[in-house]
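# Predicted structure and sequence below. I'll ask about it afterward.
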Amino acid sequence: MAEPLVVCVTFPPDADVAYLLPQVRDLARPVEVLTLGEDEPVDGPATPDAVARAEVLVAFGLPADIADRAPRLRWIQAIGSGVDHFPLAELDRRGILVTNAAGVAATGIAEFVMARVLQVWKDLRNMDRMQAEHRWEQTFGRSLYGRTIGIIGLGAIGCEVAVRARAFGMRVIGIRRRAAPGDTSPYADELYGPDALPEVLSRSDIVVLAAPATEETADLIDRKALAATKPGAVLCNIARGALVDEAALVEALRTGSLGAAILDVVKTEPLPPDDPLWTAPGVYLSPHSAVSVDGYVERILDLLADNVARYVQGRPLRNLVSGTGDEDRAVS
């Protein structure tokens, strides 16, 4: 009998592995699924036996020495799209595969983006304020129809945002890291590479950041980028806080050159109570909560089951990533 494939689910702690087991039951190699107890942290001083035995780890984050703690480890399935918090260089060196969960959260995050955009565009915050103050004064929002949305990072989340923006009659301009001149996308009216960022910013009424945190995207939206941005535009960041120079952002909001900033992510999380982002004009903050959690674990386990079957059968894994960075694997 073939040696069991040991899969250790380290996160989420309440994952229902009974949901997973029927999906991996009839493979050529038996699959053993283990979980960790509350007193067995993966990064504790003692390595849990389930981690030490695992050939596959399902995780949110892992210690830098995970390859030493799990000598049989051959593949990590991340539960989010972002993998910048994994020791990718060391994993690459050891030949350990990493797959992410790109696409699992895309629909919910795209819904969140459009909800926030509508809140800004339709002046809903002001209407709520007037209700609280018992004031009956007409205020009118703007129409999204015919406006332009620039999506920086046309991966899984970016494409879902594009679908919803088009439903409102918006024009979509997308940027992808590997887009070459002449490339097209069914999700965008125009597609460009990163060099076109200033042009895309200058033409977009709404800019959505859905790119990964890499060396190339660090402070992508800095003073120079903000100066190129269309006056009064709305910036929405549901990627990583590292993409935005926050001091420059606050300055642009205070001068009025930027209309509003929708921020579900910031550089320092939790955001310190005295950070100027809390009180900067036109900021719409949320604590990294754009994802919809209903059904999320089940979708992760569905992806895992499919990839386990591919792994056993020697087929390419879905959402395979490396340490080089790509918007298709980037955001959660």
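Structure's in. What do you need?

# Run the chain-centre distance for the longest helix seen in the chain.
In the chain, taking DSSP state H as the definition, the longest helix is helix 296-313. A distance of 19 Å separates the C-alpha centroid of helix 296-313 from that of its chain, computed with C-alpha atoms, centre = their mean, to the nearest Å.

# do the same with stretch 117-124
A distance of 23 Å separates the centroid of the chain from that of stretch 117-124, by C-alpha atoms, centre = their mean.

# what does stretch 15-24 give?
With C-alpha atoms, centre = their mean, you get 25 Å for stretch 15-24.

# Extract the CA atoms of it and return them as PDB.
Presented in PDB, the C-alpha positions along stretch 15-24 are these (Å, rounded to 0.1, in the frame of the first residue of the first chain):
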ATOM      1  CA  ALA A  15     -11.500  23.900   9.800                       C
ATOM      2  CA  ASP A  16     -14.000  21.100   9.300                       C
ATOM      3  CA  VAL A  17     -11.800  18.400   7.800                       C
ATOM      4  CA  ALA A  18     -14.800  16.100   7.600                       C
ATOM      5  CA  TYR A  19     -15.800  18.300   4.700                       C
ATOM      6  CA  LEU A  20     -12.500  17.600   3.000                       C
ATOM      7  CA  LEU A  21     -12.100  13.900   3.500                       C
ATOM      8  CA  PRO A  22     -14.800  12.600   1.000                       C
ATOM      9  CA  GLN A  23     -13.100  14.700  -1.700                       C
ATOM     10  CA  VAL A  24      -9.700  13.000  -1.300                       C
END
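
# still on that earlier bit, what's the first helix or strand after the longest helix of the chain?
Using DSSP states H and E, the helix or strand that follows helix 296-313 in sequence is strand 320-321.

# quick one: average pLDDT of that next one?
The pLDDT scores in strand 320-321 average 92.

# With stretch 74-92 instead?
On average, the pLDDT along stretch 74-92 is 91.

# Any buried residues in that stretch, and which?
Residues of stretch 74-92 classed as buried by neighbour count (16 or more other C-beta atoms under 10 Å): 75-83, 86-88, 91. C-beta here means a position set from N, CA and C on the backbone, and glycine is covered the same way.

# Output those residues in TSV, with distance to Leu277 and secondary structure appended to each entry.
TSV is the format used below for the buried residues of stretch 74-92 (distance: C-beta to C-beta, whole Å; DSSP: H, G, I helix; E, B strand; the rest coil):
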residue	distance to Leu277	secondary structure
Trp75	38	strand
Ile76	33	strand
Gln77	33	strand
Ala78	28	strand
Ile79	27	coil
Gly80	23	coil
Ser81	24	coil
Gly82	21	coil
Val83	26	coil
Phe86	27	coil
Pro87	30	coil
Leu88	29	helix
Leu91	33	helix
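
# Let me know the closest of those to Val163.
Nearest to Val163 among the buried residues of stretch 74-92, counting by C-beta to C-beta, is Ser81 at 17.3 Å.

# Look up how far Val161 lies from the closest one.
To Val161, Ser81 is 14 Å away according to C-beta to C-beta, to the nearest Å.

# For Gly295, grab the count of nearby residues.
Gly295 has 12 neighbouring residues, counting by other C-beta atoms under 10 Å.

# per-residue confidence for it?
Per-residue pLDDT puts Gly295 at 92.

# Which parts of this structure are helices?
Assigned by DSSP H, the chain shows helices spanning 17-20, 49-53, 66-69, 88-94, 106-121, 124-132, 156-167, 197-203, 223-228, 246-255, 296-313.
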